[in-house]
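Enquirer: Generate coordinates for the sequence data below:
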Amino acid sequence: MSKQPRMPNMQQMMQQVQKMQKDMELAQEQLKNEIVEASAGGGMVTVKIGGDLIVREVSLDPAAVDPQDVEILSDMVLAAVNEALRKAQELAESKMGGATAGLDLGALGGLGMPGL
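Expert: Coordinates of the predicted model:
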């Protein structure tokens, strides 16, 4: 005899989802105030990006501005922006990951919801 799968407690599941939603909203709000910083070229280019992935500041050391070699300055800006974005995404993942902690998503598996 096969065992019938236990039906999830929908009320409990809805409470968990509502709590997760509130936690995620709070984490997103907090991320707006978090700033990560990255630099390239030994600090000649510095970029600050918010946890909401908005570039807040780009600083250039005057020594990095060589009219004869604009390409290297472009490369340094690109490297600093990409590193700052990577750090901001890591920050967002760590903050948002806490919002789903303890939520039993396994109970949703039988509901035919994609990705769960």
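
Enquirer: so who does the residue most central in space within the chain touch?
Expert: Centroid-nearest residue in the chain: Ala92, 2.7 Å away (criterion: C-alpha atoms, centre = their mean). For Ala92, the contacting residues are 31, 51, 53, by C-beta atoms under 8 Å, 6 or more residues apart in numbering. Quick note: C-beta positions are derived from backbone N, CA and C, even for glycine.

Enquirer: And those, which of them are buried?
Expert: Taking 16 or more other C-beta atoms under 10 Å as the criterion, what is buried in those is 31, 51.

Enquirer: Specify which member of the contacts of Ala92 is nearest to Glu25.
Expert: Closest to Glu25 out of the contacts of Ala92 is Leu31 (10.7 Å), distances taken as C-beta to C-beta.

Enquirer: any idea how far Leu78 lies from Gly97?
Expert: Between Leu78 and Gly97 the distance, using C-beta to C-beta, to the nearest Å, works out to 28 Å.

Enquirer: shaky segments in the protein?
Expert: 1-5, 98-116 (pLDDT under 70).

Enquirer: Strands of that one, residue ranges please.
Expert: With DSSP state E as the criterion, the chain has strands at 35-40, 45-50, 55-60.
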